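S.K.: task: produce atomic coordinates for the following.
(one chain, ligands or ions: 3)
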Amino acid sequence: MKLQYLGTAAAEGFPAMFCECEACERARAAGGKNLRLRTGMIVNDTVMIDFPPDVMTVSQHFGVRLSAVRDLFVTHSHHDHFDAEDLVMRRTGVFCRMKDERPMNVFMNEAAKARLDAHVGREGYDPYLNMTVIEHFGTYESEGGLRFTYLPADHAPYEKAGFYVIRDGEKTAVYMHDTGYPPEESMAYLKTLSIDFLSMDCTYGPRDNFHGHMGIPANRRVVATLREAGALKADATVVIHHFTHNCGLLHEELEAEVAKDGFLVSFDGMIVEL
Ligand SMILES: [Zn+2]
Ligand SMILES: [Zn+2]
Ligand SMILES: [Zn+2]
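M.R.: Ligands and ions are numbered 1, 2, ... in the order given. Just a heads-up that it's a prediction; the model follows:
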């Protein structure tokens, strides 16, 4: 399984668009891995998780061919994870011309579907999007045979936000964004797995935050709980991801912070091969 981070910041980006705080100014001055676009991932070059507002930018920066994306799995309706208006650019014959004109499969919760409905217009989705409204604990299959299970997140309580377990029959990946410390029913499910890859919400960096989003102390508790249950393989790749200026730390400082934990710190374009 090939996993590529397309963006690694929360909604405001990092450095944040309008911000002059110390963390943002330091990130601007340092550049490189400290310049973070809004969060998204592409799996096996053909399945996207979330559709952030920077999707066009990442497609140009990292050579991601959006025409090759056959499936899109949306975590929740927040605009940094789901730019509904830009998804309309997939409308073949109008905004794009594609060799393969089959619709893209989009899996999303009701709240994300409602946001998309508001932007699609009277022409409807046909023929460019094939929509599935997903439910917690449901498992949905991509065209390439990846199975995505949608687990409840501690995030955006006004909608059924979730995160994904991804399985290809051999490897198991967990993409835990956006969420606070996983709700009990999600943790119970995770404990039954044998996880090869774990990507965790780290919006608050070193800060002690367990609800809505996580910081490193919550990340450590997730890993300790899964290890204790025997659900995280000894050689699993563990990544912290989804940062803001509220975490206060630059890339190398985050790396130093979690060096003894063995966690990797995501950066835009980072590829993990399982
Ligand atoms: Zn987010
Ligand atoms: Zn800032
Ligand atoms: Zn969110």
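S.K.: in the host helix or strand of residue 87, what's buried?
M.R.: Element membership for residue 87, per DSSP states H and E: helix 84-87. By 16 or more other Cβ atoms under 10 Å, the buried positions in helix 84-87 come out as 84, 86-87. C-beta: built from backbone N, CA, C; applies to glycine.
S.K.: reformat those residues as JSON lines; add distance to residue 197 and pLDDT.
M.R.: Listed next are the buried residues of helix 84-87 as JSON lines, based on distance: Cβ to Cβ, whole Å; pLDDT from 0 to 100:
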{"residue": "84", "distance to residue 197": "28", "pLDDT": "92"}
{"residue": "86", "distance to residue 197": "27", "pLDDT": "92"}
{"residue": "87", "distance to residue 197": "26", "pLDDT": "91"}
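S.K.: how many residues are close by the residue of the stretch 1-150 of the chain found nearest ligand 3?
M.R.: Per Cβ to the ion, residue 78 is where the stretch 1-150 of the chain lies closest to ligand 3, at 3.5 Å. The number of residues packed near residue 78 is 22, by other Cβ atoms under 10 Å.
S.K.: for ligand 1, see how far away it is.
M.R.: In this structure, residue 78 and ligand 1 are 6 Å apart, going by Cβ to the ion, to the nearest Å.
S.K.: now do residue 215
M.R.: Going from residue 215 to ligand 1 by Cβ to the ion gives 14 Å.
S.K.: ok, that residue touching residue 221?
M.R.: No - if you go by Cβ atoms under 8 Å, residue 215 and residue 221 don't touch, sitting 10.4 Å apart.
S.K.: quick one: strands adjacent to the lengthiest strand in the chain?
M.R.: Counting residues, the longest strand found in the chain (DSSP state E) is strand 232-241. Strand pairing for strand 232-241, using DSSP bridges, gives strand 195-201 (parallel), strand 264-265 (parallel).
S.K.: and the helix or strand just after the last one, what does it pack against?
M.R.: I take that to be strand 264-265. For strand 264-265, the following helix or strand on the C-terminal side (DSSP H and E) is strand 271-273. The criterion is 3 or more Cβ pairs under 8 Å, 6 or more residues apart in numbering; DSSP states H and E, and the helices and strands that strand 271-273 contacts are strand 2-7.
S.K.: ligand 3 contacts on the protein?
M.R.: Residues of the chain found near ligand 3 (Cβ under 5 Å from the ion) are 78, 178.
S.K.: cutoff 6 Å now
M.R.: 76, 78, 81, 155-156, 178 (Cβ under 6 Å from the ion).
S.K.: out of those, who's nearest ligand 1?
M.R.: Among those, residue 178 lies closest to ligand 1 (Cβ to the ion), at 4.2 Å.
S.K.: residue contacts, the closest one?
M.R.: Neighbour list for residue 178: 10, 75-76, 78, 81, 153, 155-156, 161, 163, 201, 203, 212-213, 242 [criterion: Cβ atoms under 8 Å, 6 or more residues apart in numbering].
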